[in-house]
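> okay, predicted coordinates and the sequence, questions at the end:
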Amino acid sequence: MVRKFCRWLLYRRMGYRFEETVKRPKKYIIALAPHTSNWDFIMAVLFMGAESFRCGFMMKKEWFFWPLGPLFRRMGGIPIYRDKHHSVTDILAQQAREAEEFHLCITPEGTRRLQPEWKKGFYYIALKAELPILLYGLDYKRRLIRCTKQVIPNGDIDTQLTEIKHYFEGFSGKHPEKFTTGLNSNHKPTADHR
């Protein structure tokens, strides 16, 4: 029932398409971009419902207040305590190694604001746990969700992060002016973004 409703709303009512050439294994990290709006979360929830899979996600601990906290946790939310003295990447990598199945979605930009310097935590979790990184692009302009590439971390983070950023260059976020890969070819600063 939930799947049927989500598929109707996302694909028929809203007119989105899903293109996938990379299948989801039992363990993986999803790198999702662009991330320019809170609508991205709603779209991700609709998409997971439409495709019948569950994926964990990280959020600032400030979002886990009642009554949203229990709801987010039930949906797979992981609160991030930035002031604690522990490595989130080490903890999640250890959980991934020990679990029979592990699915985690991370937005590499780490913020909804314009951010040319992407966070590298998603890469390090995948590297330490030996997981593939599946690249999911969410394009509001073309009404498209696409996963046609995966990256197997090999430790050469600069080269592989550039490869990942190139994949997302053609995608348009809800607020396109807030998205950049930081590569020269896709963003020219304007007066509003100095």
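Yep, that arrived.

> all contacts plus neighbour counts: C-alpha atoms, from now on.
Noted.

> element containing Phe18, please.
Applying DSSP states H and E as the criterion places Phe18 in strand 17-20.

> er, Gly173 actually
Per DSSP H and E, there is no helix or strand for Gly173.

> how about it, what does it touch?
If you count contacts by C-alpha atoms under 8 Å, 6 or more residues apart in numbering, Gly173 has them with 33-37, 138-141, 179.

> ok, which stretches of this structure are strands?
All strands of the chain, identified by DSSP state E, fall at 17-20, 27-33, 56-60, 77-80, 102-106, 133-139, 144-151.

> just send those strands back as JSON lines, with mean neighbour count too.
Shown next, in JSON lines, are the strands of the chain (neighbours: other C-alpha atoms under 10 Å):
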{"stretch": "strand 17-20", "mean neighbour count": "14"}
{"stretch": "strand 27-33", "mean neighbour count": "24"}
{"stretch": "strand 56-60", "mean neighbour count": "16"}
{"stretch": "strand 77-80", "mean neighbour count": "18"}
{"stretch": "strand 102-106", "mean neighbour count": "21"}
{"stretch": "strand 133-139", "mean neighbour count": "24"}
{"stretch": "strand 144-151", "mean neighbour count": "18"}
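
> roughly how far apart are the residue nearest the centre of the chain and Phe122?
Residue closest to the average C-alpha location in the chain (C-alpha atoms, centre = their mean): Leu32, at 2.7 Å. In this view, Leu32 and Phe122 are 10 Å apart by C-alpha to C-alpha, to the nearest Å.

> hey, what's in contact with both of these two?
Common contacts of Leu32 and Phe122 (C-alpha under 8 Å, 6+ apart): 106, 108.

> show me where pLDDT drops low in the protein?
Scanning the chain for pLDDT under 70 picks out 57-86, 184-194.

> and with 80 instead?
Counting by pLDDT under 80, the chain shows low-confidence ranges at 56-88, 110-111, 184-194.

> would you map the helices across it?
Along the chain, counting by DSSP state H, helices occupy 2-7, 39-51, 68-75, 88-98, 121-129, 157-168.

> the longest one vs strand 133-139, what angle?
Going by axes from the mean of the first three to the mean of the last three C-alpha atoms, to 10 degrees, helix 39-51 is angled at 110 degrees with respect to strand 133-139.

> list the buried residues in helix 39-51.
Under the neighbour-count criterion of 16 or more other C-alpha atoms under 10 Å, helix 39-51 has 40, 44-50 buried.

> in a markdown table: those, plus distance to Gly15.
Conversion of those to a markdown table gives the following (distance: C-alpha to C-alpha, whole Å):
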| residue | distance to Gly15 |
| --- | --- |
| Asp40 | 16 |
| Ala44 | 15 |
| Val45 | 16 |
| Leu46 | 13 |
| Phe47 | 12 |
| Met48 | 16 |
| Gly49 | 16 |
| Ala50 | 13 |
